[in-house]
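Visitor: Below are the sequence and a predicted model; questions follow.
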Amino acid sequence: MPNFAHPEVPVDGLLRRAARRDPDGVAIRTATRAVGFAELDAYADRIAAFLHQELGGAAGARVGVASVLDPVFAAAYYGTARSGATVVLVNPLIGEDGLRHVLTTGQVEIAFVPAATAGLLAKVRAELPALRAVVVTDAADGVVPEGTVPLHQVLDDGPARFTGPRADPGAVACLQFTTGTTGRPKGVLLTHRNLVANAKQIALAHRLDTGSVTLNHLPLYHVMHLNSGMYAGARQVLCQDPDPVASLAAAAEAGATHYYGLPARLHALAKDARLAGAVHPGPRLTAVLSGGSALAAQAASTLRERLGVPVIQGYGMAELSPLTHCQQPDRYRPGMVGGVVPGTECRLVDITTRRPVDVWSTGEVQVKGPQVMAGYLDGEHGTRIDADGWFSTGDVGYLDDDGSLRLVDRLADVFKHDNEIVAPSRVEQVIREDPRVADCIVADWPDAEHGAVVWAGIVLAERGEDAPAGLGILDVLDSLTTRANEHLAFFEQIRFAEAIDDVPRTPTGKPERRVVRAQLRQRAAA
């Protein structure tokens, strides 16, 4: 294991340290307000005191915290950790069924959620016997749904400083559910040590320091950005406007040094006709950073040319706190996700034999480091972490001579045509290079002769004024499929193509290939 030292403190210690170092500095800013490090630390203290009283000081009790893109998330997240309770991350976009699953499986006793989510919880409250209190985080004028508590009451009534016992760094700090792209979302147990170690790893990999200003153009607040920014003492700016062009203006106004975005939003920005005349993010910007799923090379190239900075990708997952790999601005190579972050090891193993493979050979990605989860809530982590600490990611890729990783696809998503492995994301990448394509998704169509063939669902871009007259949708599909197949291997050839209205995605933007595959199998059987 590479030598890597990190603070042996609970995760809320990152905020406490930042508040001591720069009490009056701005920690988090939105378009309407700014919260300083000391102010945020005081909010966390009051929330910790409230939870300590409500939960009777029970260490490990579960508290749901909705990951809204707002400073209130940071206060509730660190306040929960400080109280000795476990944060259960709640995605406020997942809907009624998803909320029921997360709060029931996570055995949540108190939840910090926005009013809209509180309304959904009211419908299923009878099915959540463990839930004893709901705190509404965005109550307008203190008006909240019946049976809930407004956040201002918690903040106004709490003590100026919480003096309860400090959590053990080895204790579970956070329960995060996977996105569920390959099955029912699973609860991932992350310790304080996991999160603090990864906060330092990310800060080093992203080159964050006290002078950094991070622009978060995300639908939700992610703990990787929160914790790494807090470790570095950086100023975090939250852009809550979903318009990608508006985010550039926000970055310019804030003097952003780092721009964080999801691939789906960056793809939209790269194709937006307004990009050429948009406000430049400013001279301090050093990089645009993307993660969560693959960013098309063409989109990255367009943004790099227009913004004049590297557009780089990272790699990780919930089970890894979450980051393990990141490109470096001065070592950018299209399609790669970079080398490991400090303190991390990576190897590739043969999908069948499970033996390590050489560089340039395709295999399943395995990683080892202090950010590897403590396990799953259901106790099945033994199926993913071996006796030597290697975590099997379920992703397929290869390493080059410099140790940089290129991902091919999810192990659950790749399929065989005859004896050749087809990676849907590779086919999607080629399809997206056509300007007539707004979005796409590829999956396997069952085939008796070859095992499976490629099916592509394609969202067509709006027709421009110079589009050939008389061409129907089928003609366009046939034309772009022919073009794509010229750049694909014989086993990757698109055999079925359909125009679809949109690509089904998770709230974090990942394509729900499992859902599409199930639909295709039903249709093929019929």
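Guide: Right, received. Where do you want to start?
Visitor: I'd like to know how many residues surround Ile441.
Guide: Ile441: 24 surrounding residues under other C-beta atoms under 10 Å. For the C-beta atoms, the positions are set from N, CA and C on the backbone; glycine is no exception.
Visitor: hey, what's it bridged with?
Guide: Counting by DSSP bridges, Ile441 forms beta bridges with Gly457.
Visitor: That one touches Asp502, doesn't it?
Guide: No. Applying C-beta atoms under 8 Å, one finds Ile441 not in contact with Asp502, separated by 9.5 Å.
Visitor: where does the stretch 401-526 of the chain dip in pLDDT?
Guide: The stretch 401-526 of the chain contains residues with pLDDT under 70 at 463-471, 507-508.
Visitor: Please save the CA atoms from the helix ranked longest in the chain in PDB.
Guide: Determined from DSSP state H, the single longest helix within the chain is helix 37-54. In PDB, the C-alpha atoms belonging to helix 37-54 read as follows (Å, rounded to 0.1, in the frame of the first residue of the first chain):
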ATOM      1  CA  PHE A  37     -16.700  28.700   7.900                       C
ATOM      2  CA  ALA A  38     -17.400  29.700  11.500                       C
ATOM      3  CA  GLU A  39     -21.100  30.400  10.800                       C
ATOM      4  CA  LEU A  40     -21.400  26.900   9.200                       C
ATOM      5  CA  ASP A  41     -19.600  25.300  12.100                       C
ATOM      6  CA  ALA A  42     -22.000  26.900  14.500                       C
ATOM      7  CA  TYR A  43     -25.000  25.600  12.500                       C
ATOM      8  CA  ALA A  44     -23.500  22.100  12.600                       C
ATOM      9  CA  ASP A  45     -23.100  22.400  16.400                       C
ATOM     10  CA  ARG A  46     -26.700  23.300  16.900                       C
ATOM     11  CA  ILE A  47     -27.900  20.500  14.700                       C
ATOM     12  CA  ALA A  48     -25.600  18.100  16.500                       C
ATOM     13  CA  ALA A  49     -27.100  19.200  19.900                       C
ATOM     14  CA  PHE A  50     -30.700  18.800  18.600                       C
ATOM     15  CA  LEU A  51     -30.000  15.300  17.400                       C
ATOM     16  CA  HIS A  52     -28.100  14.400  20.500                       C
ATOM     17  CA  GLN A  53     -31.100  15.300  22.600                       C
ATOM     18  CA  GLU A  54     -33.700  13.800  20.300                       C
END
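Visitor: and that helix, what other elements does it pack with?
Guide: Contact partners of helix 37-54 among helices and strands, from 3 or more C-beta pairs under 8 Å, 6 or more residues apart in numbering; DSSP states H and E: helix 13-21, strand 26-29, helix 71-83, strand 108-113, helix 151-157.
Visitor: Tell me which helix or strand comes right after the third one.
Guide: Read that as helix 71-83. strand 86-90 (DSSP states H and E).
Visitor: Just checking: what are the partner strands of that next one?
Guide: According to DSSP bridges, strand 86-90 has the following sheet partners: strand 62-66 (parallel), strand 172-177 (parallel).
Visitor: most packed of the ones you listed?
Guide: Compared across the strands paired with strand 86-90, strand 62-66 shows the largest average neighbour count, a mean of 27 (mean count of other C-beta atoms under 10 Å).
Visitor: Report the angle between that strand and helix 71-83.
Guide: Relative orientation of strand 62-66 versus helix 71-83 (axes from the mean of the first three to the mean of the last three C-alpha atoms, to 10 degrees): 170 degrees.
Visitor: contacting residues around strand 62-66?
Guide: 51, 55, 73, 76-77, 80, 83, 85-92, 102-103, 106-114, 117, 130, 137, 175 (C-beta atoms under 8 Å, 6 or more residues apart in numbering).
Visitor: Could you check how far that strand is from the centre of its chain?
Guide: From the chain centre to the centre of strand 62-66 is a distance of 18 Å (C-alpha atoms, centre = their mean, to the nearest Å).
Visitor: quick one: it to helix 37-54, angle?
Guide: Using the same axes, to 10 degrees, the direction of strand 62-66 lies 140 degrees away from that of helix 37-54.
Visitor: In CSV, please show the C-alpha coordinates belonging to strand 62-66.
Guide: Taking Å, rounded to 0.1, in the frame of the first residue of the first chain, the C-alpha atoms of strand 62-66 are listed here in CSV:
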residue,chain,number,x,y,z
ARG,A,62,-29.6,7.0,11.4
VAL,A,63,-30.4,10.5,10.2
GLY,A,64,-31.6,11.1,6.7
VAL,A,65,-30.2,14.2,5.0
ALA,A,66,-31.4,15.3,1.6
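Visitor: quick one: average pLDDT of it?
Guide: The average pLDDT within strand 62-66 is 98.
Visitor: cool, stretch 136-146 as well?
Guide: On average, stretch 136-146 scores 79.
Visitor: Now that stretch - C-alpha only, CSV.
Guide: Only the C-alpha atoms of stretch 136-146 are listed here, as CSV (Å, rounded to 0.1, in the frame of the first residue of the first chain):
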residue,chain,number,x,y,z
VAL,A,136,-38.1,20.9,6.8
THR,A,137,-35.0,22.7,5.5
ASP,A,138,-36.6,25.3,3.2
ALA,A,139,-39.7,26.4,5.1
ALA,A,140,-40.9,29.7,3.8
ASP,A,141,-41.8,32.1,6.7
GLY,A,142,-41.7,29.1,9.0
VAL,A,143,-44.7,27.4,7.4
VAL,A,144,-44.2,23.7,7.3
PRO,A,145,-46.4,20.6,6.7
GLU,A,146,-48.3,19.4,9.8
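Visitor: okay, the residue most central in space within the chain: pLDDT?
Guide: Nearest to the geometric centre of the chain sits Gly292, at 4.6 Å (C-alpha atoms, centre = their mean). As predicted, Gly292 sits at a pLDDT of 80.
Visitor: again with Glu127
Guide: For Glu127, the predicted pLDDT is 93.
Visitor: Going by residue numbers, what spans are helices in the protein?
Guide: For the chain, the helices defined by DSSP H occupy 13-21, 37-54, 71-83, 95-105, 115-124, 151-157, 192-206, 223-232, 244-254, 263-271, 297-307, 424-432, 473-485, 513-525.
Visitor: Tell me which of those helices sits nearest to Gly389.
Guide: In terms of C-beta to C-beta, the element of those nearest to Gly389 is helix 192-206, at 12.8 Å.
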